[in-house]
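Colleague: turn this into a structure:
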Amino acid sequence: MNCVYRCILLFSLSCQLHTAWSIGYLETENLKWQLIGCFKSDASKLALQNKMTDPVGKKFMSHSICQAACKGAGYTYFGLMKGSECYCDSTIQIKDSLLYEISSCRHLCSGNEQQLCGGLKTMLVFDTFLKSRFGCPDTRLFNSCGKV
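Modeller: Residues are numbered from 1 along each chain as shown. You can find the predicted model right below:
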């Protein structure tokens, strides 16, 4: 697979721009949404409040399934937790100070093991709208950004 751009994350995780995350290379067709960050989220306070029901079941959760559900419902953001849970909102409820390192959102998506889908108490949050495929989404998350 040809990778156009790559951002190097803390703790040597690598990503290709914007949505598809894994250790190693990723498919460029998954690079559609702007990553906002990895946020602390638990039962007492979720980064995004509206849990979406996946019509195909928890076994098939991916960035594209969650994004489509949230964008279709008119929300600005989508987020994933525990590898299979999808949340939506038009406001991120957690303050910026609770932004975690991306390594805290390392559960693989149940429907696409090439993507990360949050953690047990962390939510990986994205903007639902298509973004430019160039440039790092949030410099607080990255050591460097450049061509592969």
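Colleague: which stretches in the protein count as strands?
Modeller: For the chain, strands defined by DSSP state E occupy the ranges 5-9, 14-15, 21-22, 33-40, 50-52, 77-81, 85-89, 99-100, 108-109, 112-116, 122-130, 142-147.
Colleague: point out the most buried one among the ones you listed.
Modeller: strand 77-81 (a mean of 29; mean count of other C-beta atoms under 10 Å). Bear in mind the C-beta positions are built from the backbone N, C-alpha and C, glycine included.
Colleague: quick one, that strand and strand 112-116 angle?
Modeller: Orientation check (axes from the mean of the first three to the mean of the last three C-alpha atoms, to 10 degrees): strand 77-81 against strand 112-116 gives 110 degrees.
Colleague: neighbouring strands - and their directions - for strand 77-81?
Modeller: The strands beside strand 77-81 in its sheet (DSSP bridges) come out as strand 85-89 (antiparallel), strand 122-130 (antiparallel).
Colleague: pipe the strands of the chain into JSON lines and attach mean pLDDT and distance to residue 64 per row.
Modeller: Listed next are those as JSON lines, based on pLDDT from 0 to 100; distance: least, C-beta to C-beta, whole Å:
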{"stretch": "strand 5-9", "mean pLDDT": "32", "distance to residue 64": "20"}
{"stretch": "strand 14-15", "mean pLDDT": "36", "distance to residue 64": "16"}
{"stretch": "strand 21-22", "mean pLDDT": "36", "distance to residue 64": "14"}
{"stretch": "strand 33-40", "mean pLDDT": "90", "distance to residue 64": "9"}
{"stretch": "strand 50-52", "mean pLDDT": "92", "distance to residue 64": "13"}
{"stretch": "strand 77-81", "mean pLDDT": "95", "distance to residue 64": "10"}
{"stretch": "strand 85-89", "mean pLDDT": "95", "distance to residue 64": "11"}
{"stretch": "strand 99-100", "mean pLDDT": "83", "distance to residue 64": "24"}
{"stretch": "strand 108-109", "mean pLDDT": "95", "distance to residue 64": "10"}
{"stretch": "strand 112-116", "mean pLDDT": "94", "distance to residue 64": "8"}
{"stretch": "strand 122-130", "mean pLDDT": "88", "distance to residue 64": "11"}
{"stretch": "strand 142-147", "mean pLDDT": "39", "distance to residue 64": "23"}
